[in-house]
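J.: one predicted model, sequence on top.
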Amino acid sequence: MPMLRSARRLSFLGSTLRTITLACLTLGTSTALADISADLGLSTEFVRDGISQNGGNITWQAGFAGTHSSGLYAGAWGSGIDHRTRDTLHSEWDLYAGANLPVTGKWSLDASLSRFTFHGDADRRGDAYNETALRLLWSNHVTLGYRVGNGYFGSDYNLHTLETAYTFQSGSFSIEVYGANHRLDGSDETTSFGSASADDYWHFRVGVARSWNQWDYRLTLDKTNLGGEFDAGTMLHFSAHRYFRLW
């Protein structure tokens with residue numbers, strides 16, 4: 001995880017996200033066409049964009065999501081984190097809201113706004129930031145996406161991500177092949193991926209998942225071209241989550 005400098009807090013986007021989240025959940029709970037669920041589980045790694053956030057230690061993860069037949073959705077997701085001696089952060093909590101709308105045939109467009117927050121270290125409160133995403137999907141198999149993290153980890157720079165994924169079924173298993181390029185629009189000695197000139201990296205992922213009796217099991221292999229300074233490189237991790245239908 002890069003060492004990033006605290007900077008501005010994007011209060012307007014944060015307020016917008018909270019407004020969208022409340023609106024989506026209100027809409028979802030007001031009609032029988034809503035679906036509200038929660039999940040709780042464990043993972044051997046918490047990996048964000050190919051970078052480990054807990055140094056190989058088992059951690060908890062939990063989430064809450066509401067979706068509506070109109071395509072609107074909103075939720076919250078959290079995980080334990082452990083950066084060891086770099087800071088005293090203990091958890092991350094994220095809010096998100098968006099809409100998935102049909103375009104033509106099997107194509108649909110997904111637009112979302114997320115707010116990433118970090119807890120446990122007062123000096124890292126300014127690392128919270130917002131991310132907007134736009135994804136084009138084909139039949140829930142192919143994903144082409146662009147994301148931008150505004151003021152990435154509290155820095156003066158934005159993180160731009162171009163990503164693509166292909167997901168297919170093999171019997172009762174779901175298999176995903178994913179690739180992305182992550183690029184900062186500027187860097188310095190405190191905001192980079194290893195050095196002042198390292199402002200981008202590649203991330204590849206292959207994952208196998210199976211759902212059984214309200215449980216979701218995933219085995220994932222992540223690979224980046226970053227060095228061990230970020231606990232990156234190649235990682236194999238496993239997670240198990242129990243899902244609960246609330247509505």
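T.: Done, it's in. Keep in mind that this is a model prediction, so the values were computed, not measured.
J.: what segments of this protein are strands?
T.: Along the chain, the segments classed as strands by DSSP state E run 34-43, 47-48, 51-52, 59-68, 72-80, 91-104, 107-119, 129-138, 142-150, 159-170, 173-184, 200-212, 215-224, 234-245.
J.: go through the ones you listed and name the closest to residue 191.
T.: Counting by C-beta to C-beta, residue 191 lies closest to strand 173-184 out of these; the figure is 6.8 Å. Backbone N, C-alpha and C define where each C-beta goes, glycine included.
J.: and the closest one, which residues are buried?
T.: Applying a neighbour-count criterion of 16 or more other C-beta atoms under 10 Å, the buried positions in strand 173-184 are 174, 176, 178, 180, 182-184.
J.: go through those residues and name the one nearest residue 220.
T.: Residue 220 lies nearest to residue 176 out of the buried residues of strand 173-184, by C-beta to C-beta, at 8.4 Å.
J.: closest to the centroid, which residue in this structure?
T.: Ranked by distance to the mean C-alpha position of the chain (C-alpha atoms, centre = their mean), the top residue is residue 48 at 6.5 Å.
J.: that older thread, just name the most buried of the strands of the chain.
T.: Greatest average neighbour count among the strands of the chain goes to strand 51-52 (a mean of 22), per mean count of other C-beta atoms under 10 Å.
J.: adjacent strands (with direction) for that one?
T.: According to DSSP bridges, the neighbouring strands of strand 51-52, each with its direction, are strand 47-48 (antiparallel).
J.: what lies in contact with the partner strand?
T.: Around strand 47-48, the neighbours that count as contacts under C-beta atoms under 8 Å, 6 or more residues apart in numbering are 1, 53, 220, 222, 235, 237.
J.: flag the shaky bits of this structure, pLDDT-wise.
T.: Counting by pLDDT under 70, the chain shows low-confidence ranges at 1-32, 189-190, 194-197, 228-232.
J.: out of the contacts of strand 47-48, what pair is the most spread apart?
T.: Distance extremes for those: the farthest pair is 1 and 220 at 18.3 Å, using C-beta to C-beta.
J.: next one: the residue nearest to the centre of the chain from residue 153, what distance?
T.: Counting by C-beta to C-beta, to the nearest Å, the gap from residue 48 to residue 153 is 11 Å.
J.: residue 215 too?
T.: For residue 215, the distance to residue 153 under the criterion C-beta to C-beta works out to 33 Å.
J.: and what of residue 181?
T.: Note on residue 181: its distance to residue 153, by C-beta to C-beta, is 18 Å.
J.: bridging residues for the closest residue to residue 107 other than its chain neighbours?
T.: Spatially, and ignoring its direct neighbours in sequence, residue 107 is nearest to residue 138 (5.6 Å; C-beta to C-beta, 6 or more residues apart in numbering). Bridge pairing for residue 138 (DSSP bridges) gives the partners residue 107, residue 142.
J.: residue 138 reaches residue 106, doesn't it?
T.: Yes. Using C-beta atoms under 8 Å, residue 138 is in contact with residue 106, at 5.5 Å.
J.: list the beta-bridge partners for residue 118.
T.: Beta-bridge partners of residue 118, counted by DSSP bridges, are residue 92.
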